[in-house]
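K.L.:
sequence below, structure please.
(one chain, ligands or ions: 1)
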Amino acid sequence: MEATTAMALNIEEIREDFPILHQEVYNKPLVYFDNAASTQKPLQVVEALTNYYLNDHANVHRGVHYLSQKATDKFEAARETTKRFFNAESSDEVIFTKGTTDGINLVAYSFGEAFIKEGDEIIISTMEHHSNIVPWQMLCDRKKAILRVIPISDKGELDMEAYQNLLSSKTKLVSVVHTSNALGTINPVKEITQSAKSVNAYVLIDGAQAAPHQKIDVQEIGCDFYVFSGHKIFGPTGIGALYGKREILEAMPPYQGGGEMIKTVTFEKTTYNELPFKFEAGTPNIADVMGFAVAMDYMNSVGYENIQAHENALLKYATDQLKQNFENVRIIGEADNKASVISFLLGNAHPYDVGALLDKMGIAVRTGHHCTEPLMNRLNIPGTVRASFAFYNTFEEIDLMINALKRAEKMLM
Ligand code: PMP
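P.N.:
I've put the predicted structure just below:
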C-alpha cells in the first residue's frame, strides 16, 4: 500500500456514512469498484428521502396548504442547489430529469424539433455512451440530418485536428462526453465548445462521468446544454438535471405535454408555462430531488480538491500495481488527462471470466462494452474489465483487487 500520499480526507470517517460498503459478499469484504455504473449513497441522502416521506410530502407548486408549500419550498431550494452545482446563471436554466439519458433525449426531441433540418450535421465522438449516440441517430432519421463522428487516437484521446476538419457551416450541434465511462479520458470541453462556436454550432456536454469527480462550471465551459445523473453523484436513481442556456430553452418547444407545463388550457389553445416548468410535465420526482440536493451538498462538504487528490492517487496506484504485477495486462485508455476509471484486459482472458472470478472474491467490477459498442469496435476488443473508484475507496481495496487478479490469472491462464 502507498504510504506517502498526502490525504486531506479521513476516508474511514467518510466510509461510516456509507453502510452498504461494510458488508461481506461470499464471506469476503466487499470491494466496490463499480462506481462508474452507479455510486453508493451516504446516510444523509437516504435520510433525506425518508424524512421527506415521513414529514414533508405533498404535491408541489399547486397547493395553498402548509405541506404543499413546504414541499414546494424544499423542491425549489433543491433547484438552487443544482444551479450552484452547474454554476448556471439562473435556476430557470435547470430542468429536473430522470437522468443523463432523459436529458439528452429531451434535447434531441425538443431542440431537434426546432433547430435541426434536412442536411444539417450533428457531431459526436467515437467514445460516446449509447445514450449520446442513439437519440441523435433517431433525430437524424426523423430530420434527414447527418451524424459525424470525431475519431480517437489509440491512447483514447479525441483527434482534435479531425474535429476541426469536421466543423463547417452545416454543423448545428456538437454533443460530446466530458469524461469517458469506458476509458476515463477527460475531454477538453471548453476548447471543443469554443471551436463549435466559431461555426455557430450549439454544444451539449454529457457530464455523467465528470460530475462525480470534478467541479462543473457551465459558464466557464460555455456550452449550451449539460446533463448528468443523480445516481452517479451519490444521489438517488431516477433523477438528474439538464442545464440549458435560457435563450435556447425559451426557443425550444415543450418535450412532453400535461400538468405543470401549462399556463392556460382551453380546447382551442394552450399556452405554456415559463422556464423551467415548461419542460417538467406532470408531478415531478419530488422525493428524489430532495435526495439529489443532499448528494450535491455532500460532495461539496467532501470538497472537489480533496476528491480529485485522493482519486488521482488511487488511479496512479492501481495503474502502477497492474503494470508491475501483470506482464500481460493491457490498459485500455491511457489519456494524459484521466479520471479514476481503469479499463483493462488480462492476456487473452475474456473480460467476463475475469469479472466473474473477481466477484467470487468480493470485488465488484464492471465487464463488457460499457454501453460503448462503437468504441469497442474501434479498439477491436469485445469489452474490458473496468475498475472505477470513488472518494470512499482505499489503497487497501486496490491491494485486494490485485491479489484477486493474481488468483484469477492462475485459474484462467
Ligand atoms: N453517459 C455516460 C458517459 C455514462 O457513463 C452513462 C451511464 N453509464 C450515461 C451517459 C447514461 O446515464 P443514465 O443511465 O444515468 O441515464
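K.L.:
helix or strand for Val203, which one?
P.N.:
Element membership for Val203, per DSSP states H and E: strand 202-206.
K.L.:
off-centre distance for the very next helix or strand once past that strand?
P.N.:
The first helix or strand that comes after strand 202-206 along the chain, using DSSP H and E, is helix 218-221. What separates the centre of helix 218-221 from the centre of its chain is 17 Å, taken as C-alpha atoms, centre = their mean, to the nearest Å.
K.L.:
elements contacting helix 218-221?
P.N.:
When contacts are defined as 3 or more C-beta pairs under 8 Å, 6 or more residues apart in numbering; DSSP states H and E, helix 218-221 packs onto helix 189-198. For the C-beta atoms, the positions are set from N, CA and C on the backbone; glycine is no exception.
K.L.:
can you show me the CA trace of the helix it packs on as CSV?
P.N.:
C-alpha atoms of helix 189-198 as CSV (Å, rounded to 0.1, in the frame of the first residue of the first chain):
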residue,chain,number,x,y,z
VAL,A,189,-14.8,20.5,-23.4
LYS,A,190,-14.0,24.2,-23.3
GLU,A,191,-11.8,24.0,-26.4
ILE,A,192,-14.4,21.8,-28.1
THR,A,193,-17.1,24.4,-27.3
GLN,A,194,-15.0,27.3,-28.5
SER,A,195,-14.4,25.6,-31.8
ALA,A,196,-18.1,24.7,-32.2
LYS,A,197,-19.0,28.4,-31.5
SER,A,198,-16.7,29.5,-34.4
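K.L.:
show residues contacting the helix or strand where Arg378 lies.
P.N.:
Using DSSP H and E, Arg378 maps to helix 373-379. Applying C-beta atoms under 8 Å, 6 or more residues apart in numbering, the contact partners of helix 373-379 are 126-128, 130, 133, 149, 151-152, 180, 182-183, 332, 369, 382-384.
K.L.:
and the helix or strand following it, what does it pack against?
P.N.:
Next in sequence after helix 373-379, counting helices and strands by DSSP H and E, comes strand 384-388. Judged by 3+ C-beta pairs under 8 Å, 6+ apart, strand 384-388 is in contact with strand 341-346, helix 351-360, strand 366-368.
K.L.:
and the longest one with strand 341-346, angle?
P.N.:
Orientation check (axes from the mean of the first three to the mean of the last three C-alpha atoms, to 10 degrees): helix 351-360 against strand 341-346 gives 110 degrees.
K.L.:
ok, and what's touching helix 351-360?
P.N.:
Outside helix 351-360, the residues touching it (C-beta under 8 Å, 6+ apart) are 25-26, 345-346, 364-368, 382-385, 401, 404-405, 407-408, 411-412.
K.L.:
what about that helix, distance to the chain center?
P.N.:
That offset, for helix 351-360, works out to 25 Å (C-alpha atoms, centre = their mean).
K.L.:
please identify the pairing partners of the helix or strand that that helix is followed by and their relative orientation?
P.N.:
Counting by DSSP H and E, the element after helix 351-360 in chain order, helix or strand, is strand 363-364. Each strand paired with strand 363-364, and its direction, by DSSP bridges: strand 31-32 (parallel).
K.L.:
quick one: the partner strand to chain centroid distance?
P.N.:
Remark: strand 31-32 is offset 20 Å from the chain centroid, using C-alpha atoms, centre = their mean.
K.L.:
picking that back up, need the buried ones from the contacts of helix 373-379 selected in ChimeraX.
P.N.:
If you want just the buried ones from these in ChimeraX, going by 16 or more other C-beta atoms under 10 Å, the selection is:
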select :126,127,128,133,149,152,180,182,183,332,369,383,384
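K.L.:
show me which of the contacts of helix 373-379 is closest to the ligand.
P.N.:
Nearest to the ligand among the contacts of helix 373-379 is Ser180, at 6.6 Å by C-beta to the nearest ligand atom.
K.L.:
phi first, then psi, for that closest one.
P.N.:
The phi/psi pair for Ser180 (degrees, to the nearest 10) reads phi -70, psi 130.
K.L.:
so which bits of the stretch 101-250 of the chain are right by the ligand?
P.N.:
Thr101, His129, Ser131, Asn132, Val177, Asn181, Asp206, Ala208, Gln209, Ser229 (C-beta under 6 Å from any ligand atom).
K.L.:
partner residues bridging Phe96?
P.N.:
With DSSP bridges applied, Phe96 shows beta-bridge pairing to Ala241.
K.L.:
now do the contacts for it.
P.N.:
Applying C-beta under 8 Å, 6+ apart, we find Phe96 in contact with Arg79, Thr82, Ile239, Gly240, Ala241, Pro276, Glu280, Pro284, Asn285, Val289, Phe292.
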